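1. Make a model of this:
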Amino acid sequence: MKLLLIAPAQLGDNSQPIKTKQVFMIPLTPYLLAGLTPPEWQVHIVHEYTDEIPFDSTFDLVGITVTTLHSKRAYQIAERFRDAGVKVVLGGFHPTLFPDEAEKHADAIILGEAEQVWAKVLGDAAAGRLQKRYRADCLHDLQVLPVPRYDLVNLKHFRISVFPVEFSRGCPYNCDYCSVTQFYGHKHRVRPPEQVVRDIKATGCRFIGFVDDNIAGSLDRAAELFEAMVPMNIRWSTQVSLRLADNPEMLALAYRSGLRYVIVGIETLDPQNLASVNKITVNQIAQYIPKIHLFQKHGITVCTNLMFGFDGDTPETFEQAFRFIESLRVMVNPYIVTPYPGTRLYERMESDGRLLHTEYWRYTSYRTVFQPRNFSPDELDRLFLSFYQRCFSLPLIARRFMNMLSWREPWGSFMTQVAVAANSLEARNNLRRGILPYF
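-> Modelled structure (predicted):
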């Protein structure tokens, strides 16, 4: 039996899939699904950003992971295979949120986490009795997961060899703009540290990128993981709340375990904006600078997520944010506030008639899809693009690079920052070509 797993590309403004020679990060989902697949199935994995989809090849089943951003392209791919008589199953966030829409484009859809139903999907497909819907009635407890099929990773398609590993799912917080709690529930689940260590060893690589939404959502369990990783001599990155800096001992332990790069969601420098999306109890703006300095003091590079377009934002917001980024010399991921389907922010925007359209494949977080309070949509797009260009100017990239070098680990720090700088230069080149980030 032959199984094809596809991660679709995003459609560009010309409605064609965006193609590139390499992408930055290795995704986890297709390799985890491959690990869940019985050995009698021959598994092929395609990342459409870098690969061509083998529409003319013969497969017994095609599985497509569907996010909201990639939904339109996923449906196009599904229809081509179905027209050729190949069975297609769709799963992920978007089919779970929009099952009636998704099942029009598939022979079967998976609602919720695939681990609960994947074996049954494959068994039914092999027996020719595929059902229309497979629903995971509960969240997977994460105590037993297979080793992802890291042997199927084609490193030629990825800019840096950072392998994805998972420790936890979900987040203990409940921000209005985030779809994580809508899919996973208001719960933070963790895996046994020994299984995480097993997966790290299976990668055969010293550079690990944890895919967790908030790896330290449970500090006690995170401490167990960090202790287990100390002897491994690895270097790793992750998303985490700034609250990790509330405990300097935990930061020191995280560094000893190999943590060198964190992405933190500070979102905005305005407390009223934070309150408007239910994050005021999570982030304390007065603590941004001292906590970031504490990460840096411990040898950990910080990348900040910032969003623009809140109702309290004005043109001065962009200048204030740039001064913040420039003074701290931190990395930055800028975004435009985007009301993703299934979130409370989306429900409010829809109720207030502020959505400009519901073409979800254009919900990129880099283009305005709602009516802002203090800007026109075009003005917000223009100010955002200008901010993005300033953040990736050559002088600022150079200053960040020098600031990130660590006296604690000069060579290891240098190699980490070369990768970060290379990604910054790639972002700069894409901006010059009029391309915003897409993966």
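
2. contacts, neighbours, all on C-alpha from now
-> Noted.

3. now this protein, which segments are flagged as low pLDDT?
-> Within the chain, the stretches with pLDDT under 70 are 181-182, 185, 401-439.

4. try 80
-> By pLDDT under 80, the weakly predicted segments of the chain are 24, 159-160, 180-187, 394, 396-439.

5. for it, what spans make up the strands?
-> 2-7, 42-47, 61-65, 88-91, 108-111, 133-135, 163-165, 168-169, 189-190, 207-210, 235-239, 259-267, 301-308, 331-336 (DSSP state E).

6. Relative to residue 294, which of those strands is closest?
-> For residue 294, the closest of these is strand 301-308, at 10.2 Å, according to Cα to Cα.

7. still on that earlier bit, format the strands of the chain as a markdown table; extra columns: distance to residue 226 and mean neighbour count.
-> Supplementary listing: these in a markdown table, determined by distance: least, Cα to Cα, whole Å; neighbours: other Cα atoms under 10 Å:
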| stretch | distance to residue 226 | mean neighbour count |
| --- | --- | --- |
| strand 2-7 | 31 | 20 |
| strand 42-47 | 31 | 18 |
| strand 61-65 | 31 | 22 |
| strand 88-91 | 32 | 26 |
| strand 108-111 | 33 | 25 |
| strand 133-135 | 34 | 17 |
| strand 163-165 | 14 | 25 |
| strand 168-169 | 13 | 24 |
| strand 189-190 | 13 | 22 |
| strand 207-210 | 12 | 20 |
| strand 235-239 | 11 | 22 |
| strand 259-267 | 9 | 22 |
| strand 301-308 | 17 | 22 |
| strand 331-336 | 24 | 20 |
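
8. May I see those strands arranged in a markdown table, with distance to residue 151 as well?
-> Compiled in a markdown table, these are given as follows (distance: least, Cα to Cα, whole Å):
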| stretch | distance to residue 151 |
| --- | --- |
| strand 2-7 | 15 |
| strand 42-47 | 11 |
| strand 61-65 | 19 |
| strand 88-91 | 23 |
| strand 108-111 | 26 |
| strand 133-135 | 28 |
| strand 163-165 | 11 |
| strand 168-169 | 23 |
| strand 189-190 | 25 |
| strand 207-210 | 15 |
| strand 235-239 | 20 |
| strand 259-267 | 25 |
| strand 301-308 | 30 |
| strand 331-336 | 31 |
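
9. Of these, which is nearest residue 22?
-> Closest among the strands of the chain, using Cα to Cα: strand 42-47, at 10.2 Å.

10. Sheet-wise, list the partners of that closest one with their directions.
-> Each strand that pairs with strand 42-47, with its direction, by DSSP bridges: strand 2-7 (parallel).

11. Residues in contact with the partner strand: which ones?
-> 30, 41-48, 58-66 (Cα atoms under 8 Å, 6 or more residues apart in numbering).

12. ok so, going back, out of the strands of the chain, which comes closest to residue 374?
-> strand 301-308 (11.3 Å).

13. Please list the residues outside that closest one that contact it.
-> Looking at what lies outside strand 301-308 - Cα under 8 Å, 6+ apart - the contacts are 260-268, 292, 295-296, 318, 330-337, 384, 404.

14. Please repeat the previous calculation with a cut-off of 6 Å.
-> Strand 301-308 has contacts (Cα atoms under 6 Å, 6 or more residues apart in numbering) with 260-268, 330-337.

15. Stretch 69-87 too?
-> 8, 10, 61, 105, 107, 360-361, 363.

16. Tell me which two of these sit farthest apart.
-> Greatest spatial distance in those: 61 and 363, 29.1 Å, computed using Cα to Cα.

17. quick one: contacts for the closest residue in space to residue 21 that isn't next to it in sequence?
-> Nearest non-adjacent residue to residue 21, counting by Cα to Cα, 6 or more residues apart in numbering: residue 50, 5.5 Å away. By Cα under 6 Å, 6+ apart, residue 50 lies in contact with 19-21.

18. Make a ChimeraX selection of whichever of these turn out to be buried.
-> Provided next is the ChimeraX selection string for whichever of the contacts of residue 50 are buried by 16 or more other Cα atoms under 10 Å:
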select :19
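
19. Please list the members of the contacts of residue 50 that lie in helices.
-> Using DSSP state H, the subset of the contacts of residue 50 located in helices is empty.

20. Could you break this structure into its assigned domains?
-> 2-135, 160-432 (automatic domain parsing).

21. what's the closest of those to residue 142?
-> Of all the domains of the chain, domain 160-432 sits nearest to residue 142, with 5.4 Å by Cα to Cα.

22. just to revisit the earlier point, go through the contacts of residue 50 and name the one nearest residue 355.
-> Out of the contacts of residue 50, the member with the shortest distance to residue 355 (by Cα to Cα) is residue 19, at 29.0 Å.

23. I figured that closest one hits residue 48, correct?
-> No - using Cα atoms under 6 Å, residue 19 makes no contact with residue 48, being 7.3 Å away.

24. Let me know how buried residue 247 is, in neighbour terms.
-> Neighbours of residue 247 under the rule other Cα atoms under 10 Å: 11.

25. could we number from 57 for the rest of this?
-> Understood, numbering begins at 57; the last thing we discussed is residue 303.

26. Contacts only, for it.
-> Residues near residue 303 by Cα under 6 Å, 6+ apart: none.

27. what's stretch 156-170 in contact with?
-> Residues from elsewhere that reach stretch 156-170 (Cα under 6 Å, 6+ apart): 131, 143-147, 151-152, 187-192.

28. Counting neighbours, what do you get for residue 139?
-> Neighbour count for residue 139, taken as other Cα under 10 Å: 9.

29. From residue 185, how far out is it?
-> When distance is defined by Cα to Cα, to the nearest Å, residue 139 is 19 Å away from residue 185.
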